[in-house]
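**Student:** This is a predicted model, with the sequence first.
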Amino acid sequence: MTDQLVRVVIEAFRHVSWLELLDIAIVAVLLYQGLRLVRGTQAAQLVIGLVVLAIVGVISRVLNLVLLNWLFTNAAPFLVIAVIVLFQPELRRALDQVGRLGHIGRPLGGFNQQLLNKSIGEAIRASERLSARRMGGLIVFEREVGLEDYAATGVRINGEVSAEFLQAIFFPNSPLHDGAVIIRADRIVAAGCLLPLPEEGAVRERLGTRHRAAIGLSLASDALTVVISEETGAISVVEDGKITRNLDGDGLRKRLTGGLPAPRGVNGRRVRPLLGWLK
C-alpha cells in the first residue's frame with residue numbers, strides 16, 4: 001500500500017512543471033502569512049464568519065436555491081468593501097511587512113554599533129533608576145519602520161541619549177513625563193509623544209495606559225518599547241504585541257541585545273529581537 005502511494009505521488013510530480021510548483025509555493029506562503037496576521041486577533045473570528053458564508057454560498061449554488069443564490073450574487077460587491085473595512089489593520093500590517101523587504105540586511109537603518117550600544121546602556125541605567133523610585137517611563141527604540149508620525153505629536157528634542165536626561169524627562173513634575181520618548185540610534189528624537197492604543201478587544205488582560213500604548217505601537221510598527229510601571233516599578237519590554245515582564249538590569253540588557261530567546265506569543269512563534277545583530 002505504501003509503495004503504491006509513493007508511485008502515485010512520483011507519477012503526479014512527473015506531470016507538474018517547476019513553474020506550477022513555484023506557483024503553489026508562493027500561494028502557500030501568502031496563505032500562511034495571512035493566517036499569521038489574523039491569528040490571535042479579532043480578525044480570526046471574521047475569517048471564520050467569511051468561510052461559513054462561502055460554504056453557504058456554495059451549497060446554495062449546488063442545490064440551486066434560487067433566492068439564496070441571488071442574494072449572495074448581488075451582495076458580493078458590498079462584501080468585498082466590507083472585508084476591506086473590517087480587515088484594514090491587518091491589511092496595513094501586511095503592506096507594512098512587504099515594505100520592509102527592501103531593508104533586509106540593514107538592521108536599524110545601518111546605525112553605528114557603538115552608538116547603539118551606548119544608547120542601550122543609558123536607557124538601561126535610566127530604567128533601573130526609574131524602577132527603583134517607582135517613576136513611570138516609556139522608552140521607544142525606532143527600528144526599520146520610521147516613527148516620525150508619532151514623534152510629531154511630542155516635543156522635538158534631537159538630543160544625545162543619557163540616563164540623566166531620560167530621568168529628567170520622566171520626573172513626575174515634568175510636562176513630558178506622561179508621553180513616550182523615541183530614540184533613534186544615539187539621539188532622542190522627541191519626548192512627550194502620543195502612541196496609538198490597540199483596538200478594543202485586541203488586548204484581553206487588564207493593563208495600564210503605558211503598557212497599552214506600547215502594545216498599540218508594536219502592532220503598528222516594528223518598534224521595541226521599554227515600559228516602567230509607575231505602580232509596581234516593574235520593567236517590561238513590548239515587541240510585536242507581546243510583553244516580556246519583570247526584567248532586571250541584566251535581563252533588560254539581554255533582551256535588548258537579543259541575548260535572550262525571543263518571547264513566544266500565544267501562537268507559539270518567536271518574535272524578532274531588537275538588536276540580535278549586535279551579539
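**Tutor:** All right, it came through fine.

**Student:** where does the stretch 1-150 of the chain have low pLDDT?
**Tutor:** 1, 9, 12-13, 36-45, 89-113 (pLDDT under 70).

**Student:** ranges for the strands of it?
**Tutor:** Using DSSP state E, counting those that start in this stretch, the strands of the stretch 1-150 of the chain run over 137-141.

**Student:** State the distance from Val238 to Arg212.
**Tutor:** According to Cβ to Cβ, to the nearest Å, Val238 and Arg212 sit 10 Å apart. Placement of C-beta: from N, CA and C, glycine included.

**Student:** Would you mind telling me which of those two has more residues around it?
**Tutor:** Under the criterion of other Cβ atoms under 10 Å, the comparison of Val238 against Arg212 puts Val238 first, with 28 against 19.

**Student:** Where does that one fall, secondary structure wise?
**Tutor:** Using DSSP states H and E, Val238 sits in strand 235-239.

**Student:** which outside residues touch that strand?
**Tutor:** 127-128, 131, 211, 214-215, 217-218, 223-229, 243-248, 252, 255-256, 263, 271-274 (Cβ atoms under 8 Å, 6 or more residues apart in numbering).

**Student:** Figure out how far that strand is from the centre of its chain.
**Tutor:** Relative to its chain's centre, strand 235-239 lies at 13 Å (Cα atoms, centre = their mean, to the nearest Å).

**Student:** Sort out for me which of the contacts of strand 235-239 are in helices.
**Tutor:** The helices, defined by DSSP state H, take in Ser127, Glu128, Ser131, His211, Ala214, Ile215, Leu217, Ser218, Leu252, Arg255, Leu256 from the contacts of strand 235-239.

**Student:** Out of those residues, which is nearest to Gly233?
**Tutor:** Ser131 (4.4 Å; Cβ to Cβ).

**Student:** The closest residue to the closest one other than its chain neighbours - how many residues pack around it?
**Tutor:** Counting by Cβ to Cβ, 6 or more residues apart in numbering, the nearest residue to Ser131 once its immediate chain neighbours are dropped is Gly233, at 4.4 Å. Per other Cβ under 10 Å, the neighbour tally for Gly233 reads 15.
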